[in-house]
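Q: Build me a model from this:
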Amino acid sequence: MVYRFPGIELDTDHHIFTVNSREVYLTPIEWRIMVLFMSNPYLLITTEQMIDHAWPRHYEVPLPDAPRWHVENLRSKMGQVGWDCIQTVIGFGYRFMPYTSNE
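A: Reported below is the predicted structural model:
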């Protein structure tokens, strides 16, 4: 499956994530978080949903701040190529806003 928005694409068949036509390396957890975000644009994703979706069942329960750390890493990686499309919803979680860029 390929999720496409202007300037951003995630290809789950070939395991490629690109922003502004540049491939961006994601860790396995970051990859699963982006799949969750891009398959649910504009919807609120709670930290609990992120943990359920992104952390393998055989992992220990992550530290409470782990989702926030991974979102910060994603923002940093996407920001290097001109994107900031993850909105924080304080006290609840995050929302993927695909039509927001830094350019």
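Q: In terms of secondary structure, what does the helix or strand where Val71 lies contact?
A: Secondary structure assigned from DSSP states H and E places Val71 in helix 66-79. For helix 66-79, the helices and strands in contact under the criterion 3 or more Cβ pairs under 8 Å, 6 or more residues apart in numbering; DSSP states H and E are helix 28-38, helix 47-54, strand 86-89. In this view, the C-beta of every residue, glycine as well, is placed from N, C-alpha and C.
Q: Return the set of buried residues in it.
A: 66-67, 70-71, 74-75, 77-78 (16 or more other Cβ atoms under 10 Å).
Q: Quick one: residues in contact with that helix.
A: Under the criterion Cβ atoms under 8 Å, 6 or more residues apart in numbering, residues 8, 19, 24-27, 29-30, 33-34, 47, 50-51, 54-55, 84-86, 88, 94, 102 lie in contact with helix 66-79.
Q: Kindly recompute the last result at 7 Å.
A: 19, 24, 29-30, 33-34, 47, 50-51, 84-86, 94, 102 (Cβ atoms under 7 Å, 6 or more residues apart in numbering).
Q: filter these to the buried ones?
A: Among these, those scoring as buried are 19, 24, 29-30, 33-34, 47, 50-51, 85-86, 94 (criterion: 16+ other Cβ under 10 Å).
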